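Output the structure for:
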Amino acid sequence: MKTIKIGTRQSPLALWQANKIASILEAKGHPTEIVPITSEGDANLKQPIYSLGLTGVFTRSLDIALLNDQVDIAVHSLKDVPTVLPETLELIAYPERASSADILVYKSEDIFEIEHRIIATGSLRRKAFWNHKYPNDTIVDLRGNVQLRLQKLQDNADWDGAVFAFAGLDRSEILDELAAKGLHYKVIDWMIAAPSQGILGIVAKEGFDLSDINNPQCELFATVERQFLNVLEGGCTAPIGALVEKIDEENYSFKGAILSIDGQEMISIERQFKADEYLTKGREFAEECIAQGAAKMIEEIKKEIGTK
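Numbers count the residues shown, from 1 in each chain. Got it, this is the predicted structure:
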C-alpha cells in the first residue's frame, strides 16, 4: 500500500495533530510519513495575524506543497483553513473534534475583581468578544506557538492573562502544567468559538479518498459553521464566532455572531435545526445576520484591516 505523506506546520501542536492523524491512518492500514513545512504565519511572529492578509496565512505553504505533490494530505486546525480552497484542493475528512472552548489563562485569582486588565491575544475574534464584555480592558497582541505564547504571558509582568483555545493547550499536554507555573485557567463560556475550532481537517487534491477516517458528525459541525463564515465573507481571522452543538440524535443548536473590530457592535443569532437540514443552515443563519446589518459591518472590518 502507498505511503501517505502528511504535510504539517512545524509547531509542536501541529506536529501533535499530524501524528494523531498518522496513528488513525495506520490503525486503518495506511502507512504514513510526516513532512513538516514552514508556514507564512509561523515564520512572521512580529506582525498581527490580520495584517498578513485576511485568510490562509497558516495554510498557504501547505497548499503549495499539496499542489506540487510534495505531500498527499495536509492536516490543519480547521479554524485556520479558508472557506474557499485553491482550485483542485478540497477538504476530504474531519476525523475528530476536541473541545471548541476558548479559555483564559491568568496569573492572579482575583483577576475578575480588577477594574482594568491587560489581556493578550492575537485573534481579532477574541479581542472583539473580550472588548464587548469588558470595554475598559486593554488588549495586547500575542503571537507564536502555544509554548511561546505562555512564556510571553509569564515574561510580561503587567499582563494579567491571555486567551487560548482549550483544545490547543489540551493537545499540547500543557493544561496540567499550568499550576506549577503559577497560572490558572477558566473556560470563557460567553465567547462563541471560531468556526470549526477544535476540529481537525484534512485537505488533499480532489479525488483522494480517506472516507474511512471521516467523522460524519464533525462534518456536520464544520459544514454549518464554515458556511456561516463563508457567506459572511469573514475569512478565518475576522471577528466571527459560530458553534453547532448536538442536542440529541435529530436536533442541533447553533450560535453565531459577528462583531466590529472594537467589539462595540455585535449581531448575534441562536437557532435550532434538524440533522437532515444541515447542508443549507449555515447560509440561512448568515443571511439572517446580513438582514440585521452584518454586510455593512463586514465592509467596515475590511476597511479597518486593509483587505478587499
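
how about residue 268, what does it touch?
Applying C-beta atoms under 8 Å, 6 or more residues apart in numbering, one finds that residue 268 lies in contact with 192, 255-257. In this view, the C-beta of every residue, glycine as well, is placed from N, C-alpha and C.

burial count for residue 59?
26 (other C-beta atoms under 10 Å).

got it, and residue 206?
Around residue 206 sit 10 other residues, with neighbours defined as other C-beta under 10 Å.

Please tell me I have it right and it contacts residue 85.
No. The pair residue 206 / residue 85 is not scored as a contact, 9.8 Å apart, by C-beta atoms under 8 Å.

picking up where we left off before, okay, the contacts of residue 268 in JSON lines with pLDDT and secondary structure next?
Shown next, in JSON lines, are these (pLDDT from 0 to 100; DSSP: H, G, I helix; E, B strand; the rest coil):
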{"residue": "192", "pLDDT": "98", "secondary structure": "coil"}
{"residue": "255", "pLDDT": "98", "secondary structure": "strand"}
{"residue": "256", "pLDDT": "98", "secondary structure": "strand"}
{"residue": "257", "pLDDT": "98", "secondary structure": "strand"}
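
any idea which of those has the most stuff around it?
residue 256 (27 neighbours).

wait, what's in contact with that residue?
Residue 256 makes contact with 192, 228, 240-243, 268-269, 285-286, 289, according to C-beta under 8 Å, 6+ apart.

Filter those down to the buried ones, PyMOL style.
Remark: buried members of the contacts of residue 256, expressed as a PyMOL selection using 16 or more other C-beta atoms under 10 Å:
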select buried, resi 192+228+240+241+242+243+269+285+286+289
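
Okay, and which of the contacts of residue 256 map to strands?
240-243, 268-269 (DSSP state E).

Out of these, which comes closest to residue 22?
residue 243 (28.2 Å; C-beta to C-beta).

beta partners for that closest one?
residue 255 (DSSP bridges).

show me where the stretch 1-150 of the chain has helices.
Secondary structure of the stretch 1-150 of the chain (DSSP state H, counting those that start in this stretch): helices at 12-27, 40-43, 60-67, 124-133, 146-155.

Could you do the stretch 151-300 of the chain as well?
Using DSSP H, counting those that start in this stretch, helices in the stretch 151-300 of the chain cover 166-171, 216-232, 278-291, 294-305.
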